[in-house]
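Asks: Kindly generate the corresponding structure for this input.
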Amino acid sequence: MSKVRLAMIQTASRLLDKEYNLDRAEKLIRSAAEQGAQIMCLPELFGCGYYLPVLGKHLEELCEERDGETVTRLKELSSELGVAICAGVMLRANNGGVLNGAVLTDKNGQAYFYSKRHMFGDEGKYFTSDGGYITVETGFGKVGVIICFDNNFSEPASECAKMGAELVLCPCAWREQDKALFKEMTTSHAKENGIYLCSVNMFGQFEELKLFGGSITADPLGNVIAECSEGEEVVICDIQLQRGN
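Replies: Coordinates of the predicted model:
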């Protein structure tokens, strides 16, 4: 087992302002890399913010191909800095629909994709899903990806663990009123699968929707080993993973 440095990059994304969000995320990624972070996670749909009544009117302009601006920029950063990056991205589905997706890059900038399997509230009106669960050899250890409401169910983290994930990353956009559940699901699913589970939540107020931040990382015993407060923040912790090649 080897020490790996993990960064929770908790953004305060602006709604529909992709250029600002990407520029800000790059600064935070570079800052985390300067602090020795090797694996990084950003929130769900960090590039456009999260508020469905508005996002639903702009799906076509926000949706990207897998070689689009957001993925390309993250791949370039990953390759340049030699780090693995996970982030929520709105992607075009193979069937032409729209995915609430995530990209995970390895340390060489190779990209792998996952789409949210469990839809929360009205998400099913806007998003579809394709593909299965993924576990990626990042160069620092095997990492799985789930997204937000996926973590309300036992299956997603369990399936990633069965595929060899030592760490599961969970980009999120959790509401203030569900704060207690956010922590409970992260710690319990880490413990029951014997893995690290890192849930990175967006911070922001979008009309009546408040996303509270409060990102956490839980260890294989279900202990919270790192936690963000409110606001934009980068919090780094050391975890023990079996290094890849």
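Asks: C-alpha only now, for contacts and for neighbours.
Replies: Will do.
Asks: Tell me where the model's unsure across this structure.
Replies: Within the chain, the segments meeting pLDDT under 70 span 243-245.
Asks: right, and A25 touches M8 too?
Replies: No: contact criterion CA atoms under 8 Å: A25 and M8 do not qualify, at 11.6 Å.
Asks: so how far is stretch 17-34 off the chain centroid?
Replies: For stretch 17-34, the separation from the chain centroid amounts to 14 Å (computed by CA atoms, centre = their mean, to the nearest Å).
Asks: Which positions within it qualify as buried?
Replies: Within stretch 17-34, the residues that count as buried by 16 or more other CA atoms under 10 Å are K18, N21, L22, A25, L28, I29, A32, A33.
Asks: Among those residues, which ones are in helices?
Replies: Using DSSP state H, the subset of the buried residues of stretch 17-34 located in helices is K18, N21, L22, A25, L28, I29, A32, A33.
Asks: and of those residues, the nearest to V224?
Replies: Comparing those against V224 with CA to CA places A32 closest, at 20.1 Å.
Asks: Name the nearest residue to the closest one, ignoring sequence neighbours.
Replies: A7 (6.5 Å; CA to CA, 6 or more residues apart in numbering).
Asks: T138 too?
Replies: That would be D106: by CA to CA, 6+ apart, it lies 4.1 Å from T138.
Asks: now that neighbour: how far from A84?
Replies: Note on D106: its distance to A84, by CA to CA, to the nearest Å, is 5 Å.
Asks: more crowded one of the two?
Replies: Taking neighbours as other CA atoms under 10 Å, D106 and A84 compare with A84 leading, 29 against 26.
Asks: How about the secondary structure of the residue minimising distance to the centre of the chain?
Replies: Closest to where the C-alpha atoms of the chain average out (CA atoms, centre = their mean) is P171, at 2.5 Å. The three-state label given to P171 by DSSP: H, G, I helix; E, B strand; the rest coil is strand.
Asks: mind listing what it touches?
Replies: Residues near P171 by CA atoms under 8 Å, 6 or more residues apart in numbering: 41-44, 86-88, 102, 146-148, 199-201.
Asks: please redo it, this time with the cut-off set to 10 Å
Replies: Neighbouring residues of P171 by CA atoms under 10 Å, 6 or more residues apart in numbering: 8-10, 41-46, 86-89, 101-102, 145-149, 198-202, 215.
Asks: beta partners for it?
Replies: Note on P171: beta-bridge partners V200, judged by DSSP bridges.
Asks: could you measure it against Y196, distance?
Replies: In this view, P171 and Y196 are 14 Å apart by CA to CA.
Asks: now swap in A102 and tell me
Replies: Distance from A102 to Y196, by CA to CA: 18 Å.
Asks: what does N95 give?
Replies: Distance, N95 to Y196, using CA to CA: 33 Å.
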